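Trainee: let me see the structure of the following:
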Amino acid sequence: MSDSTTIISLGRRKESTARVRLEPGTGKILINGRPFEKYFIRETDRIIVLQPLTLTESASKFNVSASLAGGGLTGQAGALRLGIAKALLSVDDAFKQILRKNGYLTRDPRMKERKKYGQKGARKRFQWTKR
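Mentor: Modelled structure (predicted):
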C-alpha cells in the first residue's frame, strides 16, 4: 500500500450501514464528522469498533473516517467493525486469517422480522376474546 492510497469499504449490520475510508495516519477516528469518543457514548460500542484495529496492531497506523446511517448505535458499531475489518483486508492479506478466526469478516445476518397481516407484530397475535 502506498502512502497516498485511501481504501473504501462497506459494512452492514441489522439496518445500519457504514461507509469506511481508511488512510495512512496517526489513528484518528471520525464518524459523520464527529470524534469517535463523542459519537459512541457507550464503552462497549467503542470496544467493538476498535477490535479489528487492536487485533492487527494497526490502531496508530491508520486514520478512519466513516459515514454511518440507519439503525441504532450498537448496530452501527457492528457495521463499522465489519467495514474496518474489510478495509484492513485490502491493506495486508496476512490479516485475513486473524480477522476470519475472530469472526470480524462475517456479516451478522440477523434482521428484524417483518410484521405479519392479521397480527399485532411479527409474532404477537391480537388478544382473543370469548364474547
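Trainee: what segments of this structure are helices?
Mentor: In the chain, the segments counted as helices under DSSP state H are 36-39, 43-55, 73-91, 95-101.
Trainee: and the second one, what does it pack against?
Mentor: In other words, helix 43-55. If contacts are counted by 3 or more Cβ pairs under 8 Å, 6 or more residues apart in numbering; DSSP states H and E, helix 43-55 sits against helix 36-39, helix 73-91, helix 95-101. For every residue, glycine as well, the C-beta is placed using N, CA and C.
Trainee: redo the ones you listed as JSON lines? Include distance to residue 121, mean pLDDT and mean neighbour count.
Mentor: Converted to JSON lines, these look like this (distance: least, Cβ to Cβ, whole Å; pLDDT from 0 to 100; neighbours: other Cβ atoms under 10 Å):
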{"stretch": "helix 36-39", "distance to residue 121": "31", "mean pLDDT": "93", "mean neighbour count": "14"}
{"stretch": "helix 73-91", "distance to residue 121": "19", "mean pLDDT": "94", "mean neighbour count": "23"}
{"stretch": "helix 95-101", "distance to residue 121": "36", "mean pLDDT": "92", "mean neighbour count": "15"}
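Trainee: of all the ones you listed, which one is nearest residue 111?
Mentor: Closest to residue 111 of the helices and strands packed on helix 43-55, according to Cβ to Cβ: helix 73-91, at 10.4 Å.
Trainee: then the closest one to PDB, C-alphas only?
Mentor: Below are the C-alpha coordinates for helix 73-91, written out as PDB (Å, rounded to 0.1, in the frame of the first residue of the first chain):
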ATOM      1  CA  LEU A  73     -25.800   2.800  17.900                       C
ATOM      2  CA  THR A  74     -24.900  -0.800  18.600                       C
ATOM      3  CA  GLY A  75     -25.900  -1.900  15.100                       C
ATOM      4  CA  GLN A  76     -23.800   1.000  13.700                       C
ATOM      5  CA  ALA A  77     -20.800  -0.100  15.800                       C
ATOM      6  CA  GLY A  78     -21.100  -3.700  14.400                       C
ATOM      7  CA  ALA A  79     -21.400  -2.300  10.800                       C
ATOM      8  CA  LEU A  80     -18.300  -0.100  11.400                       C
ATOM      9  CA  ARG A  81     -16.400  -3.000  12.800                       C
ATOM     10  CA  LEU A  82     -17.100  -5.100   9.600                       C
ATOM     11  CA  GLY A  83     -16.200  -2.100   7.400                       C
ATOM     12  CA  ILE A  84     -12.900  -1.500   9.200                       C
ATOM     13  CA  ALA A  85     -12.100  -5.300   9.000                       C
ATOM     14  CA  LYS A  86     -12.800  -5.400   5.300                       C
ATOM     15  CA  ALA A  87     -10.600  -2.300   4.700                       C
ATOM     16  CA  LEU A  88      -7.700  -3.800   6.700                       C
ATOM     17  CA  LEU A  89      -8.000  -6.900   4.500                       C
ATOM     18  CA  SER A  90      -7.200  -4.700   1.500                       C
ATOM     19  CA  VAL A  91      -4.100  -3.400   3.300                       C
END
